[in-house]
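K.L.:
Sequence plus predicted model, see below.
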Amino acid sequence: MLRQGKDQQNVVLASSVAPLLSVAQREADTSPPRGNASATIHCEQDDSTYPFMYWYKQSSNARMKMITHSLGVDNGKQQLTDFNIKHTSERPSLLKFTLKARKHSAVLDCFFSRRFSGLVVLFGSTIVGKGTRLTVLDQILLPVVKILRPSKAEDTKTKREKKKTTLVCVASDFYPDHVSVSWKCSAGKCDKAATDSAAKRVKEKYYRITSRLKVLTEIWEKPENTFTCSVTFYNGTKDIVFEHTIKGIQGLLLEN
């Protein structure tokens, strides 16, 4: 926890991907200079035949972007304006961030290769370290999870056309955007869910994500069947699960 006058920030880091081969990417050391929040991330490997190192940022939209790479000792290239980067290609290698943005979230990965390339994948010649999740935030907001029952019009239409009913799960009012959504059905597997590819920012304050589950209407119209939307949220130290469960209906759709 970092205190900057009246402002308060958290620097949150967590491993997200298992390391491969002999690459070791360690969680950040936080030692902020006055007036800044900084974090140093370590990545090292013990094979001198892989001299080139790359750092990539993966944001909530799952896209990878190279933020710096090594061309020699103390030679780095800065490509991301959110951070000030100090980089060295000596092993162990360090990546130091001075966090300018008050609210920022990304997963950072280090890569090593035998030759220089701007590509993420080098056809078997790349060693990748474990990812490090980096989040700078003011306040953690827990998600509110609710399953919306289908409207009578939607239910009638699906009965007529496909004999399926759509349940909608909405997780809202949470921050940051480290969430995943899954479904559990007492009648069997819930494998027809379509979830937003990434949480969407609402009014620059919090996030919202939606998941739609299609089930056979004959399963929905049995009161003994239950349908649970499960949202896993990373609160800065661990994953927390939030759930909402509803029951099926008897015959015709009942209004809330």
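P.N.:
Arrived safely. Numbering: from 1, shown residues only.

K.L.:
Disregarding residues adjacent in the polypeptide, which is nearest to K200?
P.N.:
Excluding its sequence neighbours, the residue lying closest to K200 (Cβ to Cβ, 6 or more residues apart in numbering) is R208, at 5.4 Å. Backbone N, C-alpha and C define where each C-beta goes, glycine included.

K.L.:
what's near enough to touch the one you found?
P.N.:
Applying Cβ atoms under 8 Å, 6 or more residues apart in numbering, one finds that R208 lies in contact with 170-174, 199-200, 202.

K.L.:
run the last query once more with 10 Å
P.N.:
The neighbours of R208, taking Cβ atoms under 10 Å, 6 or more residues apart in numbering as the test, are 143-144, 170-174, 177, 179, 196, 199-202.

K.L.:
Can you select the buried ones from those in ChimeraX?
P.N.:
Filtering those down to the buried ones (16 or more other Cβ atoms under 10 Å) takes a single ChimeraX command:
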select :143,170,171,172,174,177,179,199
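
K.L.:
Turn the contacts of R208 into TSV, including pLDDT and distance to W55.
P.N.:
Output for these, formatted as TSV (pLDDT from 0 to 100; distance: Cβ to Cβ, whole Å):
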residue	pLDDT	distance to W55
P143	95	30
V144	96	35
V170	97	35
A171	97	31
S172	96	33
D173	93	33
F174	92	28
D177	85	21
V179	92	25
D196	93	28
A199	91	24
K200	92	27
R201	89	25
V202	89	30
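
K.L.:
Closest one of the contacts of R208 to L213?
P.N.:
For the contacts of R208, the minimum distance to L213 (Cβ to Cβ) is 12.1 Å, reached by V170.

K.L.:
could I get whichever strand or helix holds the closest one in CSV with only the CA atoms?
P.N.:
When secondary structure is defined by DSSP states H and E, V170 falls within strand 164-174. In CSV, the C-alpha atoms belonging to strand 164-174 read as follows (Å, rounded to 0.1, in the frame of the first residue of the first chain):
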residue,chain,number,x,y,z
LYS,A,164,-34.6,-22.6,-26.1
THR,A,165,-34.6,-20.0,-23.4
THR,A,166,-31.9,-17.5,-22.7
LEU,A,167,-30.7,-16.6,-19.2
VAL,A,168,-28.6,-13.4,-18.8
CYS,A,169,-26.1,-13.0,-16.0
VAL,A,170,-24.8,-9.5,-15.3
ALA,A,171,-21.9,-8.7,-13.0
SER,A,172,-21.7,-4.9,-12.4
ASP,A,173,-20.2,-2.2,-10.3
PHE,A,174,-16.8,-3.8,-9.9
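
K.L.:
So what are the sheet partners of that strand and their directions?
P.N.:
Pairing partners of strand 164-174, with direction, according to DSSP bridges: strand 144-148 (antiparallel), strand 206-216 (antiparallel).
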